[in-house]
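[1] Quick one, fold the following:
(chains A and B)
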Amino acid sequence: MDKFTRLDGLVAPMDRANVDTDAIIPKQFLKSIKRSGFGPNLFDEWRYLDHGEPGMDNSKRPLNPNFALNQPRYRGAQILLARENFGCGSSREHAPWALEDYGFRAIIAPSFADIFFNNCFKNGLLPIVLPADKVDALFREAAAQEGYRLTVDLETQTVSTPSGQIFGFEVDSFRKFCLLNGLDDIGLTLQNADKIKAYEDRRRQSEPWLF
Amino acid sequence: MSAQTLYDKLWLSHVVHEEADGTALLYIDRHLLHEVTSPQAFEGLRLAGRKPWRLSANLAVADHNVPTTGRAAGIADPISRLQVETLDQNCAEFGVTEFKMGDVRQGIVHVIGPEQGATLPGMTVVCGDSHTSTHGAFGALAHGIGTSEVEHVLATQCLLQKKSRAMLVKVEGVLGKGVTAKDIALAVIGRIGTAGGTGYAIEFGGSAIRALSMEGRMTLCNMAIEAGARAGMVAVDDVTIDYVKGRPFAPAGEQWDKAVANWRTLHSDAGARFDAVVELDASSLRPTVTWGTSPEMVTTIDSLVPDPKKETDPVKRDGMERALAYMGLAPNMPITDIKLDKVFIGSCTNSRIEDLRAAAVVARGRHVAPNVKQALVVPGSGLVKNQAEAEGLDRIFIAAGFEWRDPGCSMCLAMNADRLEPGERCASTSNRNFEGRQGPGGRTHLVSPAMAAAAAIAGHFVDVREIL
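    Numbers count the residues shown, from 1 in each chain, chains lettered A, B, ... in the order given. Take a look at the predicted model:
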């Protein structure tokens, strides 16, 4: 996993609530057995005017000009500004894979769905919760100024605006540690292998039907 | 010790280790796998040279991509086929037990776990699928995980977790005729919203829940995720224990007695404190239908499509307008005027024997309306299918003009060939009415099995209470 420390990135808006993971990456692309290559199909049904299927040459497909990410001003965006309950629905990790593959490294929203939120941290993608009125203000600023950028600093847990406003955000210390260091948490868990074995031994005695 | 919730008990009994910030290493008793969210996890194990920590904890089945008709010919779509074959190869290589497509035990992962007794009270159960909350019906802590966590569980038998808050959804009273667990689920989501349960584990309690069968409890817990809660659960009682008894993976003999004594403790203690409580009166619930593109967009069969003009919150109003445009519905039209193109009875929410029986009661001696192009009945597993056939339900459905299919996820998410065409409208017993969920441009209305069957017969939504 890539480290996440500090990011100064272009902001793109996704101005609707309850964006579900079916919308982030439609089911037909879940048939892949790979972990990469989902970026061109991020938000496929909103982004293109035709119906997408795996294996198509996405560069030749008609783009929906009304979809925010297709507007030239948002090209190369690394920070997605979203509304409440972003990432609801299916547990598919293909959703953060697609966002990350597209180029996003951080998502700012008033709230996220639990499983999606958790999946982001496993992929070097930082989900940031800010109060709804702050997010609303960021939407307005991003719409008003072309090339609007934000700076996200994970170490200090802050988001800074071009006008110098600074918003703090919460992040679990363990997740922060893993993200700052780009750590694979399977390796960390296996450092506790003895504790896992001892736990299994105890439960094999108390609840043998589980083993 | 202070009074504990069921969730407290399940959580505490599975903590292996806790970090200073409260992040716990939680032990996982049962890991279910399917073909869509596992290939990258097995690949990760392979690349790191790791082996599954405890093989017997894992059970795999292909369900999302499998065809529900003409199985002897195999899977026509080469990409779907590759994904299912990859699961077969991974299970063979790592030694994971798998119910393959030709196995009578094959079916939807959340149907076969309980059916086999692979889901037991007191367990932690995870699967790379958000509807894993289903298994909480057994007094288990069950939730969906992503693929990185599938790999983590395979490699360590544990997950890194933070404890959620606890919510009690208390449903007291008696459900009216024709009102089911699905209607409770939709009513709860309508009440608290799709983010209402975010950060919570929900326990469903009260006399109406205790009166539900295990099938009903599974339907309810299945949709906890649609209320934003990763886990839903119901306390263990005689209904739970009677269901589990004699299942292939369930304990037997002396072990059974010991297990039952343990399971009897799996309920919230009197006076246990919940962070939130939501109360519903079962007798006030009516057959429920979703009108929009989020499971919180619900109304009852006897009402009208809502009017966005009456919504004061601009983000919500915008969402309603967008949903109505996508759904091709006008504000204030009666729900019973909504005509259907297709009907789908199936999915991990409603494909168990009780669901099929409820639909068959409505279908018996009647016929699917001419405007309904396709009405599918997709049993949740090969064993559900056999049971239904032994009861003659297949003949009732076929005589009524329904198609009787083989088990799988099917038109719930249209990863196989079963899907809606653009603009088609479907009465569906599944769990999500998101844009494109049942096929690009498809329009989904979530309902109970009896309501879906009634809609198929009438060609539009009708109040099933008038038929029963």
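
[2] Alongside chain A, which residues does the stretch 101-250 of chain B contribute?
    With CB under 8 Å from any CB of the partner chain as the criterion, the stretch 101-250 of chain B meets chain A at residues B:120, B:122-123, B:128-130, B:132, B:143-149, B:151-152, B:155-158, B:160, B:162, B:164, B:194-195, B:198-199, B:225, B:228-230, B:250. Every C-beta, even on glycine, is put in place using the N, C-alpha and C of the backbone.

[3] cutoff 6 Å now
    For the stretch 101-250 of chain B, the residues in contact with chain A (CB under 6 Å from any CB of the partner chain) are B:129-130, B:144, B:146-148, B:152, B:155-156, B:158, B:160, B:194-195, B:198, B:230.

[4] Give me the mean pLDDT for the strand ranked longest in chain A.
    Counting residues, the longest strand in chain A under DSSP state E turns out to be strand A:6-14. On average, the pLDDT along strand A:6-14 is 98.

[5] Can you mark which positions in it are buried?
    Buried residues in strand A:6-14, defined by neighbour count with 16 or more other CB atoms under 10 Å in any protein chain shown: A:7, A:9-14.

[6] what about B:Leu468, how many neighbours?
    By other CB atoms under 10 Å in any protein chain shown, the residues close to B:Leu468 number 12.

[7] B:Gly392 too?
    Residue neighbour count, defined by other CB under 10 Å, stands at 11 for B:Gly392.

[8] how much space between it and B:Ile398?
    Per CB to CB, to the nearest Å, B:Gly392 is found 10 Å from B:Ile398.

[9] same deal with B:Gly271?
    B:Gly271 sits at a distance of 53 Å from B:Ile398 (criterion: CB to CB).

[10] Which of those two has more residues huddled nearby?
    More crowded of B:Gly271 and B:Ile398, by other CB under 10 Å: B:Ile398, with 13 against 8.

[11] now the more buried one, what's its secondary structure?
    Here B:Ile398 is helix, with the state taken from DSSP: H, G, I helix; E, B strand; the rest coil.

[12] gap between it and B:Ala363?
    10 Å.

[13] give me every residue that touches residue 81.
    Defaulting to chain A. Taking CB atoms under 6 Å, 6 or more residues apart in numbering or on different chains, we find A:Leu81 in contact with A:11, A:13, A:108, A:138, A:142.

[14] please go with chain B instead
    Per CB under 6 Å, 6+ apart, neighbours of B:Arg81: B:Ile75.

[15] so is it in a helix, a strand, or just coil?
    B:Arg81 falls in the helix class when you classify it by three-state DSSP.

[16] now do B:Ala137
    For B:Ala137, the assignment made with three-state DSSP gives helix.

[17] burial measure for it, as a count.
    Neighbours of B:Ala137 (other CB under 10 Å): 34.

[18] Not counting its neighbours along the chain, what's nearest it?
    Spatial nearest neighbour of B:Ala137, excluding adjacent residues (CB to CB, 6 or more residues apart in numbering or on different chains): B:Arg217 at 3.8 Å.

[19] What separation do you get for the one you found and A:Gly52?
    According to CB to CB, B:Arg217 and A:Gly52 sit 38 Å apart.

[20] So for those two, which sits in the more crowded spot?
    Remark: of B:Arg217 and A:Gly52, B:Arg217 carries more neighbours, 28 against 18, as counted by other CB under 10 Å.

[21] May I see the buried residues of the helix or strand encompassing the more buried one?
    Here B:Arg217 sits within helix B:214-222, counting by DSSP states H and E. Along helix B:214-222, these residues count as buried under the neighbour rule (16+ other CB under 10 Å): B:214-222.

[22] just curious, which of the residues you listed is nearest to A:Arg47?
    B:Asn222 (30.8 Å; CB to CB).

[23] which residues does the closest one contact?
    B:131, B:134, B:348-349.

[24] And for it, nearest residue in space, chain neighbours not counted?
    B:Asn222 sits nearest to B:Thr134 (CB to CB, 6+ apart), 4.1 Å away.

[25] Hmm, the one you found is touching B:Val111, no?
    No. Look at B:Thr134 against B:Val111 with CB atoms under 6 Å: they stay out of range, at 8.4 Å.

[26] Between these two, point out the one with more neighbours.
    When neighbours are counted by other CB under 10 Å, B:Thr134 and B:Val111 differ, and B:Thr134 comes out ahead with 34 against 27.

[27] That one falls within a strand, correct?
    No. Assessed by three-state DSSP, B:Thr134 does not belong to a strand; its assignment is helix.

[28] show me the contacts for residue 157.
    You didn't say which chain, so I picked chain A. With contacts defined as CB under 6 Å, 6+ apart, the neighbours of A:Gln157 are A:168-169, A:171.

[29] think we crossed wires, I meant chain B
    By CB under 6 Å, 6+ apart, B:Gln157 lies in contact with B:28, B:53-54.

[30] need the residues you listed in CSV with pLDDT, secondary structure and distance to chain A, can you?
    Below are those laid out as CSV (pLDDT from 0 to 100; DSSP: H, G, I helix; E, B strand; the rest coil; distance: CB to the nearest CB, whole Å):
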residue, pLDDT, secondary structure, distance to chain A
B:Ile28, 98, coil, 10
B:Trp53, 98, coil, 7
B:Arg54, 98, coil, 8
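
[31] Mind checking which of the residues you listed are buried?
    B:28, B:53-54.

[32] will you turn those residues into JSON lines that also has distance to B:Ile75?
    As requested, the buried ones among the contacts of B:Gln157 are arranged in JSON lines below (distance: CB to CB, whole Å):
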{"residue": "B:Ile28", "distance to B:Ile75": "30"}
{"residue": "B:Trp53", "distance to B:Ile75": "31"}
{"residue": "B:Arg54", "distance to B:Ile75": "31"}
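
[33] give me the residue from the stretch 351-468 of chain B nearest chain A.
    Ranked by CB to the nearest CB, the top residue of the stretch 351-468 of chain B for proximity to chain A is B:Phe434, at 4.5 Å.

[34] Distance check, that residue against A:Asn66.
    From B:Phe434 to A:Asn66 the distance is 20 Å (CB to CB).

[35] and for stretch B:391-402, what are the contacting residues?
    Against stretch B:391-402 from outside (CB under 6 Å, 6+ apart): B:356, B:360, B:363-364, B:366-368, B:375, B:377, B:388, B:404.

[36] show me what contacts B:Val378?
    Taking CB under 6 Å, 6+ apart, we find B:Val378 in contact with B:68, B:346, B:405, B:410.

[37] Just the residues you listed: which are in strands?
    Within the contacts of B:Val378, no residue falls in strands by DSSP E.

[38] So which of those belong to helices?
    Assignment to helices by DSSP state H places none of the contacts of B:Val378 there.

[39] which of those residues has the most neighbours?
    Using other CB under 10 Å as the neighbour criterion, B:Ser410 leads these with 33 neighbours.

[40] Show the pLDDT at it.
    Residue-level pLDDT assigned to B:Ser410 equals 97.

[41] do the one 5 residues further on as well
    The predicted local distance difference test score for B:Met415 is 93.

[42] pretty sure it is touching B:Asn65, no?
    Yes. In terms of CB under 6 Å, B:Met415 counts as a neighbour of B:Asn65; the distance is 5.3 Å.

[43] returning to that earlier point: from the contacts of A:Gln157, which is closest to chain B?
    When those are ranked by distance to chain B (CB to the nearest CB), A:Val171 comes first, at 10.2 Å.

[44] pretty sure that closest one is in a helix, no?
    No. Counting by three-state DSSP, A:Val171 is not part of a helix but coil.

[45] for the stretch 351-468 of chain B, what spans make up the strands?
    B:374-377, B:403-404, B:425-428, B:443-446 (DSSP state E, counting those that start in this stretch).

[46] Would you mind putting the ones you listed into TSV with distance to A:Ala132 and mean neighbour count alongside?
    As requested, the strands of the stretch 351-468 of chain B are exported to TSV (distance: least, CB to CB, whole Å; neighbours: other CB atoms under 10 Å in any protein chain shown):
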stretch	distance to A:Ala132	mean neighbour count
strand B:374-377	41	25
strand B:403-404	46	18
strand B:425-428	32	28
strand B:443-446	28	28
